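*Asks:* Predicted model follows, preceded by the sequence.
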Amino acid sequence: MKRDLKGYEPIEDFTCEGRQRLVEERGEEIRFLLEAAFEAFLDAEPYVNLAAFGFRGDEQVFEAVEWAITRFATGNIDPTKLRNGSRSFRLFTEVRFWLSQKVGLPGFRHILAAAKRPRSATPPEELPAAQAEPDAEVLDFGRALAGALPSFRERTCADLVGYWLEGTKRLRRDWFGWRERGELSEAAERRSKKQRSIHTHDAMFRFLCCFLQLVPAASSAAADLALEITSLSGCPDRPPYRVPDRDVCGELARFGVRGPRQVSVLRKQGAGSFLHRCLDRARADIDTVRGLLTSELTRKSLSLTTLHALEIEGDMALRARIDEVRSGADQEEYT
């Protein structure tokens, strides 16, 4: 299929039925592009808050992405009013288009101008309390995260540490005032936005497994061990950032494993098992500051993209649990 100069696949059918069909068939890919685009937009415009556009939930990027997908599938989008290059999957990288759809072009320009105004008018020392020093318990939690990075590096590789730092940069800035960015290898930097999004979500999941002390695996189940050996025991610093399934058959031979296909099945089962345990922590021990921050870190680290990164996107039970956690269901428990 012919692509535009930037490699984006054209959208052939802009009828409502055609757009709905595209979302049904390619929804995960569309989400990757939108999520990466909104994250990049907020990094480039640090004074902009998506709440100004009506996304006031706890997970504003998630809310904005879901709104954009719904708008694309059901809204009135006239392709003749789009630039030629935007009649393709590039449309899902154009945050300004989607925010203008939400509030109108004049509204978008007004919100952006208002958000930028304090940058030139207000000295940094006079900015409101968002710039205040975090309290001691929050800083202690930050030190705990930093202290977990060396063991995370040992259990994975340098690039995954970089991806984790990239994936948590706004969280770390908002909670602790940290502004360190992740460093990636040249090969990793050359990967597409979609590929980097997948690796980032993979890294955040694996960090949780280390930080929540799910490894070494308490269980002797073959699936848990397959996940630990391939993904949490040190791996090559190149995609897919895990030990090849064929290289661990011997370590799982006592379970009757004879080939890489069996390892692959067990690894995915183990990923699902570990992910359920991570999700359990999103609701546990929220009566202390550390417990609440751990819960929030867990909720912000996991999404439907995590399932794709772990190759278990067909697990409907996990999809439902992640949807519940990310959408803020039972929000009263956290307030």
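*Replies:* Perfect, I can see it now.

*Asks:* and the gap between Trp178 and Val215?
*Replies:* When C-beta to C-beta, to the nearest Å is applied, the distance between Trp178 and Val215 equals 25 Å. Placement of C-beta: from N, CA and C, glycine included.

*Asks:* before we move on, what about Arg281?
*Replies:* Distance, Arg281 to Val215, by C-beta to C-beta: 14 Å.

*Asks:* try Gly75
*Replies:* Remark: distance between Gly75 and Val215 (C-beta to C-beta) = 45 Å.

*Asks:* show me where the chain has helices.
*Replies:* Under the criterion DSSP state H, the chain carries helices at the ranges 16-44, 60-74, 95-103, 105-121, 136-155, 158-167, 169-176, 186-189, 193-211, 222-231, 260-281, 289-301, 304-309, 316-326.

*Asks:* Go through those and find the least confident stretch.
*Replies:* Of all the helices of the chain, helix 105-121 carries the lowest average pLDDT, namely a mean of 74.

*Asks:* who's in contact with the most centrally placed residue in the chain?
*Replies:* Among the residues of the chain, His201 comes closest to the average C-alpha position under C-alpha atoms, centre = their mean, at 4.7 Å. With C-beta atoms under 8 Å, 6 or more residues apart in numbering as the criterion, the residues that contact His201 are Gly167, Leu302, Ser303, Thr305, Thr306, His308, Ala309.

*Asks:* Excluding chain neighbours, what is closest to the third one?
*Replies:* This points to Ser303. In space, Ser303 comes closest to Arg326 once its chain neighbours are excluded; the distance is 6.0 Å by C-beta to C-beta, 6 or more residues apart in numbering.

*Asks:* What is the neighbour count of that neighbour?
*Replies:* 20 (other C-beta atoms under 10 Å).

*Asks:* cool, Leu212 as well?
*Replies:* Other residues lying near Leu212 total 17 when counted by other C-beta under 10 Å.

*Asks:* Arg87 now?
*Replies:* Neighbouring residues of Arg87 were enumerated by other C-beta under 10 Å; the total is 17.

*Asks:* Check Arg299 too.
*Replies:* Applying other C-beta under 10 Å, we find 21 residues neighbouring Arg299.

*Asks:* again with the one 10 residues further on
*Replies:* By other C-beta under 10 Å, the residues close to Ala309 number 22.

*Asks:* Check whether it really touches Asp202, as I assumed.
*Replies:* Yes. Ala309 is in contact with Asp202 according to C-beta atoms under 8 Å; the separation is 4.0 Å.

*Asks:* Widest-spaced pair of the contacts of His201?
*Replies:* For the contacts of His201, the maximum inter-member distance is 14.6 Å, found between Gly167 and His308 (C-beta to C-beta).

*Asks:* Now do the contacts for the residue nearest to Ser303.
*Replies:* When contacts are counted by C-beta under 8 Å, 6+ apart, Arg326 is found next to Glu59, Phe62, Arg299, Leu302, Ser303, Leu304.

*Asks:* Is it correct that the second one is in contact with Ser303?
*Replies:* Yes. Counting by C-beta under 8 Å, Phe62 does reach Ser303; the two are 6.8 Å apart.

*Asks:* Now do the shared contacts for those two.
*Replies:* Shared contacts of Phe62 and Ser303, counting by C-beta under 8 Å, 6+ apart, come down to Glu35, Arg326.

*Asks:* quick one: which of those two has more around it?
*Replies:* Set Phe62 next to Ser303 and count neighbours by other C-beta under 10 Å: Ser303 wins out with 24 against 21.

*Asks:* can you pull the contacts of Val95?
*Replies:* Shown here is Val95, whose contacts under the criterion C-beta under 8 Å, 6+ apart are Ala37, Phe38, Ala40, Phe41.

*Asks:* now Val215
*Replies:* Shown in contact with Val215 (C-beta under 8 Å, 6+ apart): Arg155, Cys209, Glu228, Leu232.

*Asks:* measure it to Arg19 for me?
*Replies:* From Val215 across to Arg19, the span is 43 Å (C-beta to C-beta).

*Asks:* Report the spatially nearest residue to Pro236, omitting neighbours in sequence.
*Replies:* Using C-beta to C-beta, 6+ apart and skipping the chain neighbours, the partner closest in space to Pro236 is Cys157 (6.7 Å).

*Asks:* I'd say the one you found and Gly234 touch.
*Replies:* Yes. Using C-beta under 8 Å, Cys157 is in contact with Gly234, at 7.2 Å.

*Asks:* quick one: which of the two has more around it?
*Replies:* Cys157 (20 against 14).

*Asks:* mind listing what's buried in stretch 73-88?
*Replies:* If you call a residue buried by 16 or more other C-beta atoms under 10 Å, then stretch 73-88 has these buried ones: Ala73, Ile77, Leu82, Ser86, Arg87, Ser88.

*Asks:* And these, which is closest to Ala317?
*Replies:* Proximity of the buried residues of stretch 73-88 to Ala317, judged by C-beta to C-beta, is greatest for Ala73, which lies at 25.0 Å.

*Asks:* Could you list which residues are in contact with the closest one?
*Replies:* By C-beta under 8 Å, 6+ apart, the residues touching Ala73 are Cys16, Arg19, Gln20, Val23.
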